[in-house]
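Peer 1: here are the coordinates; sequence isn't available:
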C-alpha cells in the first residue's frame, strides 16, 4: 500500500508541475515593476540561507546526543524536513499560512498553489522592499525547522515513515494556522496586538508542546539513559545553530536596517548569557561544567530571545537569556523522566524557553527599540495590556499545539504504527529503518 501511495504522490507532482502553465494563473510582470531595495534583498537572501543551515545544525545537535546506533536516523529526520517541507510549502502550505485570511485563523491556499502569484516583481505588504518570492522562501525555512525540533522528544523509537506523515499533517494543521494568526496582518493574534518577532509561538512553543504530546503518546524507550554518541557533534551543531540564528532573528527585520542590527545584538548576548547561566547553575547545584550543558544553555537563550529580538534592549536581552536558562535548567532537573520520556528535553528547552521568551516580551518590549510596539509597551513600562495579550496567546497556543498534536499522533498511529518494535529499537534505528550504521 505504501508503495502505491508514494507512486501516486510522485506521479501527481510530476504531472501537475509539467502542465502547470495550463492549469495555473499567469503571473505577468507589472507594467511598472516594483523597485526593490538591493541592500534589503541581498541581506534577506543571505538570511534565508542562514536559517536553512540551522536544520542540518539541529541534526548534528540532536545526533550527537542520542546513542551511537541511532545517530544517522536522528540526523536524517532533520534532513528530510528540508526535503518534504520545502515541496509542501511551495505546493500548498505557504498559501495556508499567508494567503487571504479565512476568519483570521488560516489562509486561503488557492491563490498561491505551487507559488502561483508569488513572483519576483511583487511584494508582501509587510516586506515592501524585497521580492514576494524571497519573503516566501525565507518563511519556508522557519516551517522546515519546526517539525525537526520535535524529533528530539521521540528520538530512538519512532518509525521513519510515520514521522514523515506526522510532519506533513503538523505543517498543514498546526504550523500554518499559527503562522497565519501570528504574522498575517489579518491574523487573530496579529490584530490582538501579540508580539512575536521571529517565532516564539509559531516555532518554539508549537514544537515544544508537540514534543511533549509525542513523548507521552509513544511512551518510554526500553533503555532511557544512553551515553551521547558524539559530544563533538553537539558542539558543532550548537555553532551552526547560533550562526544560523542570526538569519532567523535579524532576518525577521525583513531588511538591512537598524532593527536587524538590534536583533543581531540581542540574539548574541542572550545566547551568551544563557550559556553562562546554565553552566553556573550546574556548578551551584553540584554538577560539573559540561560541554553539553553549555550547548543546551546557549540554545535555550536563542529560543527565549526569538520572540523578543526586535523589541527589547541589550540589557533586557541578557536578562531574558539568563532567566530562561535558569528556568529551563530547573525544569530539566525536575521533569518526570521516569514517566514521560522526552528524550532530548525538547519541551523543557524549546517549549519552556519559548514561553518564557513570549512572556518576557510582554515585560520588556519598548517602542524606543521598535516603534511598532506603540503605546502598549511592556509591563516594566507600566502598561499591562501587552503582557496580558502575550499571556492570552500563550495559553491558546499551548492548548492548540498540545491537543492538536496529540490528535495527529493518534491519527497517524491508526494509519501506520508510530513506534518501532522492541526488537528494532534494540537493534537501533540506523540499521532497522535505513540499513546504515556508523
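Peer 2: Perfect, thanks for sending it. Keep in mind that this is a model prediction, so the values were computed, not measured.

Peer 1: Just give the number of residues close to the residue nearest to residue 77 when sequence neighbours are not counted.
Peer 2: Leaving aside its sequence neighbours, residue 77 sits nearest to residue 151 (CB to CB, 6 or more residues apart in numbering; 4.3 Å). Bear in mind the C-beta positions are built from the backbone N, C-alpha and C, glycine included. Residues lying near residue 151 (other CB atoms under 10 Å) number 29.

Peer 1: My guess is residue 151 contacts residue 79. True?
Peer 2: No - using CB atoms under 8 Å, residue 151 is not in contact with residue 79; the gap is 10.9 Å.

Peer 1: that older thread, which residues touch the residue nearest to residue 77?
Peer 2: Residue 151 sits next to 62, 74, 77-78, 158, 163 when contact means CB atoms under 8 Å, 6 or more residues apart in numbering.

Peer 1: please redo it, this time with the cut-off set to 10 Å
Peer 2: 58-59, 62, 73-78, 80-81, 158, 163, 166-167, 207, 211, 214, 343-344, 346 (CB atoms under 10 Å, 6 or more residues apart in numbering).

Peer 1: Could you report the distance from it to residue 375?
Peer 2: Residue 151 is 41 Å from residue 375, where distance means CB to CB, to the nearest Å.

Peer 1: for residue 36, same thing?
Peer 2: Using CB to CB, residue 36 is found at 32 Å from residue 375.

Peer 1: Among these two, which residue is more densely surrounded?
Peer 2: residue 36 (18 against 9).

Peer 1: for the more buried one, what are its contacts?
Peer 2: 44, 120-121, 123, 127-131, 134.

Peer 1: Repeat that for residue 67.
Peer 2: 74, 155-156, 221, 223, 225-229, 343, 428-430.

Peer 1: what's the most distant pair in those?
Peer 2: Within the contacts of residue 67, 225 and 430 form the most distant pair, 19.3 Å apart (CB to CB).

Peer 1: When the two are compared, which one has more neighbours?
Peer 2: Set residue 225 next to residue 430 and count neighbours by other CB under 10 Å: residue 430 wins out with 22 against 7.

Peer 1: Name the nearest residue to the more buried one, ignoring sequence neighbours.
Peer 2: residue 72 (4.3 Å).

Peer 1: and the one you found, what element?
Peer 2: helix 71-88 (DSSP states H and E).

Peer 1: now that helix, how far from the centre of its chain.
Peer 2: When distances are taken as CA atoms, centre = their mean, to the nearest Å, helix 71-88 is centred 14 Å away from the chain's centroid.

Peer 1: Next secondary structure after it?
Peer 2: Going down the chain from helix 71-88, the next helix or strand is helix 94-98, by DSSP H and E.

Peer 1: follow-up on the earlier one: out of the contacts of residue 67, which is nearest to residue 245?
Peer 2: residue 74 (20.6 Å).

Peer 1: coming back round to it: in helices, which of the contacts of residue 67 fall?
Peer 2: 74, 429-430 (DSSP state H).

Peer 1: Low-confidence bits of this structure, can you list those?
Peer 2: 26-33, 337 (pLDDT under 70).

Peer 1: and for residue 151 and residue 79, which residues touch both?
Peer 2: By CB under 10 Å, 6+ apart, the residues touching both residue 151 and residue 79 are 58-59.

Peer 1: Start from the N-terminal end of the stretch 51-200 of the chain and give the strands.
Peer 2: 101-102, 106-107 (DSSP state E, counting those that start in this stretch).

Peer 1: now residue 183, nearest residue through space, not along the chain?
Peer 2: Excluding its sequence neighbours, the residue lying closest to residue 183 (CB to CB, 6+ apart) is residue 190, at 6.6 Å.

Peer 1: what does residue 264 give?
Peer 2: For residue 264, ignoring the flanking residues on the chain, the nearest one in space by CB to CB, 6+ apart is residue 250 at 4.3 Å.

Peer 1: tell me the phi and psi of that neighbour?
Peer 2: Phi and psi for residue 250, reported as degrees, to the nearest 10, are phi -70, psi -30.

Peer 1: Show the contacting residues for residue 173.
Peer 2: Residue 173 makes contacts with 96, 106, 404-405, 407-408, 411, as judged by CB under 10 Å, 6+ apart.

Peer 1: Next, the contact list for the residue lying closest to residue 149 once chain neighbours are set aside, please.
Peer 2: Spatially, and ignoring its direct neighbours in sequence, residue 149 is nearest to residue 207 (3.8 Å; CB to CB, 6+ apart). Contacts for residue 207 (CB under 10 Å, 6+ apart) come out as 145-153, 170, 174-175, 199, 303, 346-347, 350-351, 354, 401, 405.

Peer 1: please redo it, this time with the cut-off set to 7 Å
Peer 2: 146, 149-150, 346, 350 (CB atoms under 7 Å, 6 or more residues apart in numbering).

Peer 1: Out of the ones in helices among the contacts of residue 67, which comes closest to residue 257?
Peer 2: If you rank the ones in helices among the contacts of residue 67 by distance to residue 257 using CB to CB, residue 74 comes first, at 37.9 Å.

Peer 1: pretty sure that closest one contacts residue 63?
Peer 2: Yes - assessed by CB atoms under 7 Å, residue 74 is found in contact with residue 63 at 4.7 Å.

Peer 1: okay, now the closest residue to residue 53 other than its chain neighbours: neighbour count?
Peer 2: Leaving aside its chain neighbours, residue 53 sits nearest to residue 244 (4.4 Å; criterion: CB to CB, 6+ apart). Residue 244 has 25 neighbours, counted by other CB under 10 Å.

Peer 1: I would like the residues contacting the helix or strand hosting residue 244, please.
Peer 2: Using DSSP H and E, residue 244 sits in helix 231-250. Residues outside helix 231-250 that contact it (CB under 7 Å, 6+ apart) are 46-48, 50-51, 53-54, 56-58, 60-61, 63-65, 197-198, 228, 260, 263-264, 267, 271, 291-292, 295, 298-299, 302, 305-306, 309.
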